[in-house]
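Trainee: Okay, structure incoming, though there's no sequence with it:
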């Protein structure tokens with residue numbers, strides 16, 4: 001069912017959030033989430049997905065774990081009905097698929113009986129996702145072409161099990177049990193009693209598709225003991241069948257170089273994406289805790305005045321992506337465009353800044369080998385700057401190196417503040433929570449990030465960061481870390497996100513060797 005968005009009656013989207021990896025949310029699920037007015041989410045829905053909902057959306061947690069229901073199912077049903085009757089666009093975000101052992105069918109029935117519009121958006125079920133991320137394909141024509149999905153935790157009100165163990169044990173190639181950890185001993189015993197060979201391979205996959213994923217392999221005869229020894233608990237799925245043997249050959253997710261590492265990313269929210277995605281691609285759990293925000297200056301008077309003098313400018317120096325973006329934002333706001341730079345030599349500090357420049361249809365004329373202010377200074381001095389007018393839009397925290405040295409070499413340097421960095425709202429609480437939960441490394445991509453981090457943590461900074469691996473994007477950032485009395489364990493060979501990730505891989509690889 002669906003409705004016109006202008007209808008006075010609301011609508012409920014029962015959305016499968018997938019098994020844990022936020023990248024497994026469907027396109028349709030994302031569309032629904034981005035227009036939600038209310039999000040009702042549970043324990044197994046990745047919290048990162050909540051960021052996709054509008055900031056104004058009401059978020060209601062109704063999580064359920066074994067033995068504890070934050071909100072009983074009857075009240076969840078009533079809540080969905082209540083919000084829809086208020087005319088709200090409601091997203092019920094459920095881990096895995098909403099209708100595969102997820103009680104989505106019950107919620108849909110409640111909405112139908114109330115005469116309310118709803119839509120069910122399928123999701124990647126936890127069993128499929130967890131098994132495949134563990135390197136177990138579930139079906140393979142050389143092993144089995146049949147698959148059974150079974151709940152390992154039936155309705156406790158039922159007096160007799162509805163599972164036909166004799167048929168399950170010998171009639172289906174691969175068995176996939178959901179919510180069965182509490183009954184693992186019973187499940188394995190029943191299967192053996194009804195004809196399944198005791199040496200049948202079994203895999204238990206906990207927190208599948210996430211950097212916390214744990215996979216334990218055994219047989220029907222010994223998997224219960226192995227699980228107990230490893231203290232492996234829910235949430236987990238159980239895979240039974242010869243297909244489990246393929247894990248040795250097809251393991252692809254949990255053998256990545258940074259798998260299982262919790263790494264804190266302190267970059268500004270709008271700039272953390274590349275580092276976060278790169279860490280996740282290497283298997284890490286990237287925890288975003290921005291310590292700073294990039295904002296416009298209090299007024300544009302200084303930069304605007306400099307832009308009016310562009311026709312007489314010889315060199316434009318851009319030392320960050322932020323400088324590029326704020327420069328062009330004001331250039332366009334004043335009614336100009338890139339044609340005003342037709343006679344200007346443009347120097348960019350590195351490839352990322354040059355790439356940002358290309359977004360505005362321009363290429364850097366000068367690109368130093370050393371990707372910092374010293375490198376820019378060297379190429380400009382080699383070119384000769386005596387009598388040249390140089391425009392250098394910068395952050396309020398930028399060093400005076402370029403201004404001082406270029407002026408001493410005979411250049412006329414105009415260095416207006418184009419943007420400010422300031423402490424991010426809520427940084428202290430987020431940082432403390434992440435560090436107290438434990439992280440393997442903290443990454444700093446700038447001196448500003450370091451300063452704002454230590455400022456946010458206050459007197460607790462030294463204690464919380466003691467013993468934590470600190471990874472720095474480059475020498476200047478490392479110097480700032482040391483100035484705060486902390487040690488730098490990892491430094492990128494070249495100040496790029498890619499090299500920082502490579503340095504982290506090398507560092508942790510040596511620890512594990």
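Mentor: Sure, I can see it. Bear in mind the structure is a predicted one, so any value in this text is a computation, not a measurement.
Trainee: Three-state assignment for residue 478, please.
Mentor: The three-state label given to residue 478 by DSSP: H, G, I helix; E, B strand; the rest coil is helix.
Trainee: Tell me who's in contact with it.
Mentor: Contacts for residue 478 (C-beta atoms under 8 Å, 6 or more residues apart in numbering) come out as 472, 488, 491. (Each C-beta comes from the backbone N, C-alpha and C, glycine too.)
Trainee: for the stretch 301-450 of the chain, which spans come out with low pLDDT?
Mentor: Along the stretch 301-450 of the chain, the model assigns pLDDT under 70 to no residue.
Trainee: quick one: the helices in it?
Mentor: 301-308, 321-333, 351-358, 373-383, 401-408, 427-437, 447-457 (DSSP state H, counting those that start in this stretch).
Trainee: Please work out which of the ones you listed is packed deepest.
Mentor: For the helices of the stretch 301-450 of the chain, average neighbour numbers computed from mean count of other C-beta atoms under 10 Å are highest in helix 447-457, which has a mean of 23.
Trainee: Tell me which helix or strand comes right after that one.
Mentor: helix 461-465 (DSSP states H and E).
Trainee: want to throw the helices of the stretch 301-450 of the chain into JSON lines with distance to residue 38?
Mentor: JSON lines is the format used below for the helices of the stretch 301-450 of the chain (distance: least, C-beta to C-beta, whole Å):
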{"stretch": "helix 301-308", "distance to residue 38": "42"}
{"stretch": "helix 321-333", "distance to residue 38": "35"}
{"stretch": "helix 351-358", "distance to residue 38": "38"}
{"stretch": "helix 373-383", "distance to residue 38": "49"}
{"stretch": "helix 401-408", "distance to residue 38": "51"}
{"stretch": "helix 427-437", "distance to residue 38": "24"}
{"stretch": "helix 447-457", "distance to residue 38": "32"}
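Trainee: Let's verify residue 500: helix, strand, or coil?
Mentor: Classified using three-state DSSP, residue 500 is helix.
Trainee: got a pLDDT number for the closest residue to it other than its chain neighbours?
Mentor: Here the nearest residue to residue 500 in space, its sequence neighbours aside, is residue 492; by C-beta to C-beta, 6 or more residues apart in numbering that works out to 4.2 Å. The per-residue pLDDT reported for residue 492 equals 95.
Trainee: ok, now the one 4 residues further on?
Mentor: What the model reports for residue 496 is a pLDDT of 89.
Trainee: isn't it right next to residue 353, touching?
Mentor: No. Under the contact definition of C-beta atoms under 8 Å, residue 496 does not touch residue 353, with a separation of 11.0 Å.
Trainee: re earlier: most surrounded residue in the contacts of residue 478?
Mentor: residue 472 (28 neighbours; other C-beta atoms under 10 Å).
Trainee: Compute the distance between the closest residue in space to residue 146 that isn't next to it in sequence and residue 134, please.
Mentor: Nearest non-adjacent residue to residue 146, counting by C-beta to C-beta, 6+ apart: residue 173, 4.4 Å away. Distance, residue 173 to residue 134, using C-beta to C-beta, to the nearest Å: 17 Å.
Trainee: residue furthest from the geometric center of this structure?
Mentor: Most distant from the centre of the chain: residue 387, at 48.9 Å, with distances by C-alpha atoms, centre = their mean.
Trainee: Would you confirm that that one contacts residue 410?
Mentor: Yes. Counting by C-beta under 8 Å, residue 387 touches residue 410, with 6.2 Å between them.
Trainee: before we move on, the earlier item: counting neighbours around each, name which of residue 173 and residue 134 comes out higher.
Mentor: Using other C-beta under 10 Å as the criterion, residue 173 and residue 134 rank with residue 134 on top: 29 against 17.
Trainee: for the helices of the stretch 301-450 of the chain, which one sits closest to residue 190?
Mentor: helix 427-437 (38.5 Å; C-beta to C-beta).
Trainee: Centre of the chain to the closest one, how far?
Mentor: 17 Å (C-alpha atoms, centre = their mean, to the nearest Å).
Trainee: Report the inter-axis angle for that helix versus helix 447-457.
Mentor: On the basis of axes from the mean of the first three to the mean of the last three C-alpha atoms, to 10 degrees, helix 427-437 is oriented at 80 degrees to helix 447-457.
Trainee: Which secondary structure elements does helix 427-437 sit against?
Mentor: strand 262-265, helix 447-457, helix 461-465 (3 or more C-beta pairs under 8 Å, 6 or more residues apart in numbering; DSSP states H and E).
Trainee: Domain-wise, how is the protein divided?
Mentor: Following automatic domain parsing, the chain resolves into domains at 11-124, 128-250, 262-291+424-512, 301-421.
Trainee: And these: which comes nearest residue 256?
Mentor: domain 262-291+424-512 (3.0 Å).
Trainee: Please work out which residues outside the one helix or strand residue 111 maps to touch it.
Mentor: Per DSSP H and E, residue 111 falls inside helix 104-113. Here helix 104-113 makes contact (C-beta under 8 Å, 6+ apart) with 12, 14, 16, 73, 76-77, 80-81, 84, 92, 94, 97-99, 117-118, 120.
Trainee: Mind doing that once more with 10 Å?
Mentor: For helix 104-113, the surrounding residues in contact (C-beta atoms under 10 Å, 6 or more residues apart in numbering) are 1, 11-12, 14-16, 40, 73-74, 76-81, 84, 90, 92, 94, 96-99, 116-123.
Trainee: filter those residues to the buried ones?
Mentor: 11-12, 14-16, 40, 76-77, 79-81, 84, 90, 92, 94, 96-99, 116-118, 120-123 (16 or more other C-beta atoms under 10 Å).
Trainee: Helices - which of those land there?
Mentor: 76, 77, 79, 80, 81, 84 (DSSP state H).
Trainee: The closest residue to residue 401 other than its chain neighbours and residue 323: what is the separation?
Mentor: Once flanking residues are discounted, residue 401 sits nearest to residue 373: 5.0 Å by C-beta to C-beta, 6+ apart. Using C-beta to C-beta, we find residue 373 at a distance of 12 Å from residue 323.
Trainee: For the two, list the residues in contact with both.
Mentor: 317, 349, 392, 394, 398.
Trainee: count of neighbours near the residue nearest to residue 500?
Mentor: Going by other C-beta under 10 Å, the residues that sit close to residue 492 add up to 23.
Trainee: Alright, calling it a day.
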